[in-house]
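Undergrad: sequence first, predicted model second:
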Amino acid sequence: MRKYITAKASMEEYIFYQALYLYHALFLMQQNIFDHQKNTEAGVPDNLLDETTRMIQSEIFALQSTDYAPFSQKNLLLEVHQKFCKRMAIDMQPIMNGHNAVKIAINKVKINYLKQSIPNKIVTSVDEPLHTVLSVHVGRVSSALKEVDEYLNDIDKYCNYRFGWEKQREQIHSNYVNVFEAWNFDKEFNE
């Protein structure tokens, strides 16, 4: 019985932290898009969403392949976990494909510039259709963040708040550094 209790607690911890990493990856993706939308002079790289997409994909796979099987089939966490995994399989597909949509939009902007005989112009977040693609994508990511946040709240509640999700969420948000400020050596040097 003790082994079961230990294994169950270990699995709950695993599920919580995989979901936390998923939340973090979605948050990074959202913030990277926001940073480029705010900094309209900066070029948008082709691989803007590649790394966060890879992270999201990895966490979704980890959560979906988790074998959480408590004795009771009426276990609240089991129900929440199964519903979340089914929903995420559908809801995350457009987010996973978003990096391709961004690449296609960037290429369309480059083609338009070439047609106008403007070679080597930097593609920014205000150029269409990239502007629209980023706006739609950030909306999808924001919705997914809310779903993952609810899931983490449910896990933490079920586990008697032993993970402190509210505090961890605050830390994720407060520790984020804007992409353009992270490499601002002049600002750092002057401080």
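TA: Thanks, I have it.
Undergrad: center of the protein - which residue?
TA: The centre of the chain sits closest to Leu26, judged by Cα atoms, centre = their mean, with a distance of 1.0 Å.
Undergrad: longest single helix anywhere in this protein?
TA: Assignment by DSSP state H gives helix 2-38 as the longest helix of the chain.
Undergrad: point out where the chain drops to low pLDDT.
TA: For the chain, residues meeting the criterion pLDDT under 70 lie at 69-73, 182-191.
Undergrad: swap the cut-off to 90 and go again
TA: Low-confidence segments of the chain (pLDDT under 90): 1-11, 64-79, 82, 87-91, 118-120, 177-191.
Undergrad: quick one, helices of it?
TA: Taking DSSP H as the test, the helices found in the chain are 2-38, 50-64, 76-91, 93-96, 98-115, 130-158, 165-174, 179-182, 185-190.
Undergrad: tell me who's in contact with the closest residue to the residue nearest to the centre of the chain other than its chain neighbours.
TA: Counting by Cβ to Cβ, 6 or more residues apart in numbering, Leu26 lies nearest to Leu145, which is 4.9 Å off, once chain neighbours are set aside. (C-beta placed from N, C-alpha, C; glycine too.) By Cβ atoms under 8 Å, 6 or more residues apart in numbering, the contact set of Leu145 is Tyr23, Leu26, Phe27, Gln30.
Undergrad: list the buried residues of stretch 125-133.
TA: Ser125, Asp127, Leu130, His131, Val133 (16 or more other Cβ atoms under 10 Å).
Undergrad: now render those residues as CSV, adding distance to Phe34.
TA: Below are the buried residues of stretch 125-133 laid out as CSV (distance: Cβ to Cβ, whole Å):
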residue, distance to Phe34
Ser125, 10
Asp127, 17
Leu130, 15
His131, 13
Val133, 14
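Undergrad: out of those, who's nearest Asn100?
TA: Val133 (10.1 Å; Cβ to Cβ).
Undergrad: my read: the closest one touches Lys103, true?
TA: No. Applying Cβ atoms under 8 Å as the test, Val133 and Lys103 come out as separate, 9.7 Å apart.
Undergrad: could you report the neighbour count for the residue nearest to Leu48 when sequence neighbours are not counted?
TA: Of all residues not flanking Leu48 in the chain, Val102 sits nearest, at 5.8 Å (Cβ to Cβ, 6+ apart). For Val102, the tally of surrounding residues (other Cβ atoms under 10 Å) stands at 24.
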